[in-house]
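J.: Predicted model, plus sequence, below.
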Amino acid sequence: MNDVPPVMHNHLLRSMDMRRILAVVCILCITAAGCASRRPTFPPPVIPACFGVNIHFQGAPPDLDLIETAGFGCVRMDMSWRKVETVRGLYDFISTGYDSLTEACRRRNIRILYILDYSNPLYEPQRSVRSDEGRAAFASFAEAAVKRYAGQGIIWEIWNEPNGAAFWQPEPSAEEYCRLVGTTVPRIRKADSAALIIAPAASGIPLRWLEECFSRNLLYWIDGVSVHPYRKQAPETVTADYAALRELIKRYSPGGREIPIISGEWGYSLINWDNTPLTPVEQAEYLARTFLVNLSEGIPLSIWYDWKDDGIHPQNREHHFGTVGNDLTPKLAYPSAKALMHTLNGYIFDRRLATDNDAEYVLALRKDQSTALALWTTDSLHEVTLPLNSGEGVLVAMTGDTTTIAWLENQFILTIGPAPQYLLIKNP
């Protein structure tokens, strides 16, 4: 190119450089699109795989047999960084009970959601991760855990409720939390490219704080947005909150990728959030309705809090969330969960049937050629009439009692109340 004028020569070099840059950008875009298409996704919600329960134990205690008998498809449990790494760079999954818990759940076909959480005094002075050294160490811990259990279908969650001062000290910081996620996720993907990763396990559905995280590219890293929709009101009130969160996710989702909402922790204590008492019957009703509302909202995983009462103090709210007592004696919530998951095993949500009363919930579910209905009301006991074809079926009460019934064309009449009932319609 010696005969090319200097100005033209520089122009050609710039053009060639630009073409190279564009080529690299195209390759990166294609690679990113390919990676996005290969990102793991949650399967459609099927009962009982989409219903889980929060636990507070490692190892293989008798609790797991009761959890399996109830039919829960998943357990959610903390994987404590400070317990696993007590010496820098050494990770103990054996004596801490995580190996035995993982194996015990595998044998029972119970999926695990492990929360990679909380700080480690080897690196951080408070319950948070704020330093570069701490972030790198946390990411190494996460990589070691994911590598050890790769291929076992475990869902990995990064931290728990970082939007609260109890779990991110000295005060919540969306910026610090997102830096931790951005450092950790590539290490998780390196250990297991098929790993499902969820975050931020937010307390409530704090839209402003979530938007702070989304604006810092949180959605780029994760496969599901986990929230804890606790409330004093009935479970049905969550639908408007989910709608608002879906709009926020849609606004920030990279490339328009569909990112589901995960109900990662939600339950009702016998001491409600406004300190009014709930009866064991009301708690059992709310458990079934929480799961069913989430199912109707397309939530691919719903975790009930809690498996077991954490104590016996009569005035301590935390001691009364369980489906069983502190001594494993079943509360009414336990047969409620069992009846729901066994009766509707294998069913998926189809649609909500229209009635004249918005307080009435009639959910149609299907499994192959079979149809079932879940029915309840947020109002008081009253009759509902549905335009069903003539037929017969088995009516299952909230705690599992069954009755065989039949009805004529357009004359299905049933008394419904706050306790869900399940109608298994016999195929003609």
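T.: All right, it came through fine.

J.: Could you work out the end-to-end span of stretch 343-351 for me?
T.: Length of stretch 343-351, first residue to last, Cα to Cα, to the nearest Å: 18 Å.

J.: which residue ranges form the strands in the stretch 51-200 of the chain?
T.: Taking DSSP state E, counting those that start in this stretch as the criterion, the stretch 51-200 of the chain carries its strands at 51-54, 74-80, 111-117, 155-158, 196-203.

J.: Same list, the ones you listed, but as JSON lines with mean neighbour count and distance to Leu64 please.
T.: C-betas here are computed from N, CA, C, even on glycine. Output for these, formatted as JSON lines (neighbours: other Cβ atoms under 10 Å; distance: least, Cβ to Cβ, whole Å):
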{"stretch": "strand 51-54", "mean neighbour count": "26", "distance to Leu64": "11"}
{"stretch": "strand 74-80", "mean neighbour count": "22", "distance to Leu64": "8"}
{"stretch": "strand 111-117", "mean neighbour count": "22", "distance to Leu64": "11"}
{"stretch": "strand 155-158", "mean neighbour count": "25", "distance to Leu64": "18"}
{"stretch": "strand 196-203", "mean neighbour count": "25", "distance to Leu64": "22"}
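
J.: So for Ala166, which of the ones you listed sits nearest?
T.: strand 196-203 (8.7 Å; Cβ to Cβ).

J.: got the angle between that closest one and strand 111-117?
T.: Per axes from the mean of the first three to the mean of the last three Cα atoms, to 10 degrees, the angle that strand 196-203 makes with strand 111-117 is 60 degrees.

J.: ok, and what's touching strand 196-203?
T.: 40, 42, 113, 115, 154-164, 177, 181, 185, 188, 209-210, 213, 218, 221-228, 230, 262, 264-265 (Cβ atoms under 8 Å, 6 or more residues apart in numbering).

J.: Please indicate which of the residues you listed are buried?
T.: 42, 113, 115, 154-164, 177, 181, 185, 188, 209-210, 213, 218, 221-228, 230, 262, 264-265 (16 or more other Cβ atoms under 10 Å).

J.: Just the ones in helices from the residues you listed, please.
T.: 177, 181, 185, 188, 209-210, 213, 218, 221 (DSSP state H).

J.: Select, from these, the two members most distant in space.
T.: Between any two of those (Cβ to Cβ), the greatest distance is 23.0 Å, for Ile188 and Trp209.

J.: was I right about Thr86 contacting Asp92?
T.: Yes. With contact defined as Cβ atoms under 8 Å, Thr86 counts as touching Asp92 (7.0 Å).

J.: quick one, helices of the stretch 1-150 of the chain?
T.: If DSSP state H, counting those that start in this stretch is used as the criterion, the helices of the stretch 1-150 of the chain fall at 6-37, 63-70, 81-84, 98-107, 132-148.

J.: re the thing from before, ok, so of the ones in helices among the buried ones among the contacts of strand 196-203, who is nearest Thr385?
T.: Lowest distance from Thr385 to those (Cβ to Cβ) belongs to Leu210, with 42.0 Å.

J.: contacting residues around the closest one?
T.: 200, 202, 225, 227, 245, 248.

J.: Distance to Phe57 and pLDDT added to the residues you listed, as CSV?
T.: Output for the contacts of Leu210, formatted as CSV (distance: Cβ to Cβ, whole Å; pLDDT from 0 to 100):
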residue, distance to Phe57, pLDDT
Pro200, 24, 98
Ala202, 25, 98
Val225, 27, 98
Val227, 24, 98
Leu245, 31, 98
Leu248, 35, 98
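
J.: how about TSV for the residues you listed, with distance to Val394 added?
T.: Output for those, formatted as TSV (distance: Cβ to Cβ, whole Å):
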residue	distance to Val394
Pro200	42
Ala202	40
Val225	38
Val227	36
Leu245	37
Leu248	42
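
J.: Out of the residues you listed, which two sit at the greatest distance?
T.: Going by Cβ to Cβ, the pair spanning those furthest: Pro200 and Leu248, at 13.0 Å.
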